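J.: Have a look at this fold, sequence not included:
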């Protein structure tokens, strides 16, 4: 990795050091080469390079904005929905997004699960037969070696009630040469395996990413995408149209467009839900349905993910564009953004 902060982005403001001490910073060569670091509003640089704006924390922001901790029965497991769990074997990433909802938990020095902890997490999955799908996240599971991935897949393959294994990763976009034949082979399974790649701007869809995705699809692994709607990165219909077309053209199906989570120091990335809806509506009719993801909100406090449309999210006050009443998948109602920290009630 290039030392982009030293070579191309000297610290013009000493407060940036505070940001770098609080939140992890790492940028791959591939992403560095895509940046115009002389432009403070460059949509690629904005995702990865620290900003003094990150020092501003608003009252509704939370160190655990989607409630992982409230649904963690054992270390490395998040069990929010009955039929699926998150398995987090590692807490480091190839790159660190400035808007990450786990930014308080990941970074250099963060630990992998030990062998004993991983076995405990797997025992939890083995003992809960209603679990149908395991979603590997973190951190980024693709930073694991093919040998470790092979061993992990072997253990998951041996659990009869697990039918689907999903990987969430930035690597095919941010560090595509890591996706080699050995990694693709490590994901081999008689079960259904899916890879969901995180990508937010059309410039990130490079020939190297296309090659990485090709190794996965040729191995029989469907590839989907998830993106985050980010102010200054992709907050126009034109930017999203270009992104989703670029993804489909390399055989990646856009899956989710996330409304930004209430992570600390990320308010400069967030639009209102109304603004997000307006942008997404402009895609309808102008972009093929296979290129359109579902626009979703993860309800703060661990209440799950819902579509960001009127059936699930209604104005709390007609005079306000910032307060909403959100219905979760169990029919419970929540105010968004929350008026208090949901873990202090």
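T.: Everything's here; your move. Predicted, not measured: the structure shown is a model, and the values here were computed from it.
J.: which ones are touching residue 335?
T.: Counting by Cβ atoms under 8 Å, 6 or more residues apart in numbering, residue 335 touches 316, 323-326. Every C-beta, even on glycine, is put in place using the N, C-alpha and C of the backbone.
J.: Please apply the same query to residue 134.
T.: 84-85, 87, 125, 156, 162, 164-166.
J.: Roughly how far does it sit from residue 238?
T.: Remark: distance between residue 134 and residue 238 (Cβ to Cβ, to the nearest Å) = 37 Å.
J.: Low-confidence stretches in the stretch 101-250 of the chain?
T.: Applying pLDDT under 70 to the stretch 101-250 of the chain picks out residues 109-110.
J.: 90 instead?
T.: Low-confidence segments of the stretch 101-250 of the chain, defined by pLDDT under 90: 101-112, 138.
J.: per-residue confidence at the closest residue to residue 71 other than its chain neighbours?
T.: Leaving aside its sequence neighbours, residue 71 sits nearest to residue 80 (Cβ to Cβ, 6 or more residues apart in numbering; 4.6 Å). Among the per-residue scores, residue 80 holds a pLDDT of 95.
J.: cool, the one 4 residues further on as well?
T.: According to the predicted model, the pLDDT of residue 84 comes to 97.
J.: can you pull up the bridge partners for it?
T.: residue 81, residue 133 (DSSP bridges).
J.: So it sits against residue 135, correct?
T.: Yes - with contacts counted by Cβ atoms under 8 Å, residue 84 reaches residue 135, the gap being 6.2 Å.
J.: And the helices in this protein?
T.: In the chain, the helices defined using DSSP state H lie at 4-7, 15-22, 29-34, 45-48, 115-127, 146-157, 171-174, 181-186, 207-218, 237-249, 273-283.
J.: right, and those helices - which one's nearest residue 69?
T.: Of all the helices of the chain, the one in closest proximity to residue 69, counting by Cβ to Cβ, is helix 115-127 (15.2 Å).
J.: Give me the packing partners of that closest one, helices and strands only.
T.: Here helix 115-127 touches strand 77-81, strand 84-87, helix 146-157, going by 3 or more Cβ pairs under 8 Å, 6 or more residues apart in numbering; DSSP states H and E.
J.: what angle sits between the longest one and helix 115-127?
T.: Between helix 146-157 and helix 115-127, the angle comes out at 30 degrees (axes from the mean of the first three to the mean of the last three Cα atoms, to 10 degrees).
J.: Same list (the helices of the chain) but as CSV, adding distance to residue 227 and mean neighbour count.
T.: Below are the helices of the chain laid out as CSV (distance: least, Cβ to Cβ, whole Å; neighbours: other Cβ atoms under 10 Å):
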stretch, distance to residue 227, mean neighbour count
helix 4-7, 23, 15
helix 15-22, 24, 15
helix 29-34, 15, 18
helix 45-48, 11, 24
helix 115-127, 28, 15
helix 146-157, 24, 16
helix 171-174, 10, 28
helix 181-186, 23, 17
helix 207-218, 14, 18
helix 237-249, 7, 19
helix 273-283, 11, 17
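J.: want to try CSV for the ones you listed, with distance to residue 297 as columns?
T.: Below are these laid out as CSV (distance: least, Cβ to Cβ, whole Å):
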stretch, distance to residue 297
helix 4-7, 32
helix 15-22, 26
helix 29-34, 27
helix 45-48, 20
helix 115-127, 27
helix 146-157, 30
helix 171-174, 23
helix 181-186, 32
helix 207-218, 27
helix 237-249, 17
helix 273-283, 7
